[in-house]
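[1] Quick one, structure for this:
(one chain, ligands or ions: 1)
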Amino acid sequence: MALRVAVTLGLPDRLRDAAAPDRLAAELDASPVALELLLNHLVTLGVVEHDPAGYRTTDRGAALCADADNRLFDLLHLDAAGGRAELAFAELRHSVTTGRAGYPRRHGRDFWADLAEHPRLRETFDRQMVDRSRAWLPAVVAGGDWARFATLVDVGGGRGALLAAILAAHPGVRGHLVDLEPTATEAARTFDAHGVADRARVTAGSFFDPLPTGADAYLLCDVLHDWDDEHAHRVLARCAEAAGPTGRVLVVEPVGGRQAGTAHDLAMLVIFGGRERRVAEFRDLASAHGLVLDAVTDLAGRCLLEFRPG
Ligand SMILES: C[S@@+](CC[C@H](N)C(=O)[O-])C[C@H]1O[C@@H](n2cnc3c(N)ncnc32)[C@H](O)[C@@H]1O
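    Below is the predicted model of the structure:
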């Protein structure tokens, strides 16, 4: 929590130049005594050092700066979606005893309603999604047989990084992304920036409502793990209905027991009431909508599960 508060107050950036605690407290409108307690603890953590000029960020502490080439800043900042979401871990006992999300108990509304209410949370979440996809996106693009689909709908496609990369790699594929605003508008910008806008449509809307019909495939990347079974069924029902008798449904996620880490599994639980499902759970979930699991492909950090109509 000391690191989270340090990042939220901007201390690692501010202390690139040494500052005396009184001056810093005045700048930050913080309690001088309390701020020094925090700074002294940051010294023991090795992220700040103390010398005659005052407190200063160490090389280790530079990893917490806004421009560090990692995702720590948004994950720790208490006013960014990632940092705020992790506060839901204080409700882990509730989640474990009920099987439900802790986020609404902690923040008064569910994660998605909170994003809708606070544009900064939406902005930081969408950015975090793009940042975290850099690790596995090339493997997903290279590992899937995307060229055999003339039309592909990316359901809950975020800012469109994955769909843009698939379209760029496969000139014969046309894409259609569905997500909520303002994310959908950002996706249209991504398609422009990648030079694929002529083959990419964007629909701003909910995947709990009817989806564009008749595409060859419907992609759900890191979507189902955000939802409990009731909602996951509703999303899959929309995909199966839109896919009709010939379309396929593709799920890309870390799968339980394969790529998914246990800590992330707990995060899905406390934040969303979701989880990293196992292959058998996906199979059961999808079979309720007439979908048959056809293929499971392990990709770096993710799994691609392909369903066909039964
Ligand atoms: C974990 S993100 C994954 C985004 C993207 N597929 C990716 O892998 O980077 C989940 C996405 O679902 C979208 N989403 C949440 N609720 C939605 C809804 N009711 N309708 C459409 N999209 C929704 C979010 O806006 C977000 O972009």
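[2] List the contacts of the nearest residue to Thr183 once chain neighbours are set aside.
    The shortest distance from Thr183 to any non-neighbouring residue, by Cβ to Cβ, 6 or more residues apart in numbering, is to Asp126 (5.4 Å). The way it works is simple: take the backbone N, C-alpha and C, and place the C-beta from them, glycine included. Residues near Asp126 by Cβ atoms under 8 Å, 6 or more residues apart in numbering: 158-159, 183, 186.
[3] export these to CSV and tack on neighbour count and distance to Pro119?
    Shown next, in CSV, are the contacts of Asp126 (neighbours: other Cβ atoms under 10 Å; distance: Cβ to Cβ, whole Å):
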residue, neighbour count, distance to Pro119
Gly158, 25, 16
Arg159, 24, 15
Thr183, 22, 11
Glu186, 19, 12
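[4] follow-up on the earlier one: would you quantify the distance from the residue nearest to Thr183 to the ligand?
    7 Å (Cβ to the nearest ligand atom, to the nearest Å).
[5] Report the buried residues of the helix or strand containing that residue.
    Taking DSSP states H and E as the definition, one finds Asp126 inside helix 119-133. Buried residues in helix 119-133, counted by 16 or more other Cβ atoms under 10 Å: 121-133.
[6] Counting only helices, which of the contacts of Asp126 make the cut?
    Mapping those onto helices (DSSP state H) picks out 183, 186.
[7] I'd like to know how far the nearest residue to Val196 once chain neighbours are set aside sits from the ligand.
    Nearest non-adjacent residue to Val196, counting by Cβ to Cβ, 6+ apart: Leu167, 4.0 Å away. Distance of Leu167 to the ligand, computed by Cβ to the nearest ligand atom: 15 Å.
[8] so which strand or helix has Leu167?
    Element membership for Leu167, per DSSP H and E: helix 161-169.
[9] May I see the buried residues of that helix?
    Neighbour counts over helix 161-169 (16+ other Cβ under 10 Å) mark 161-167 as buried.
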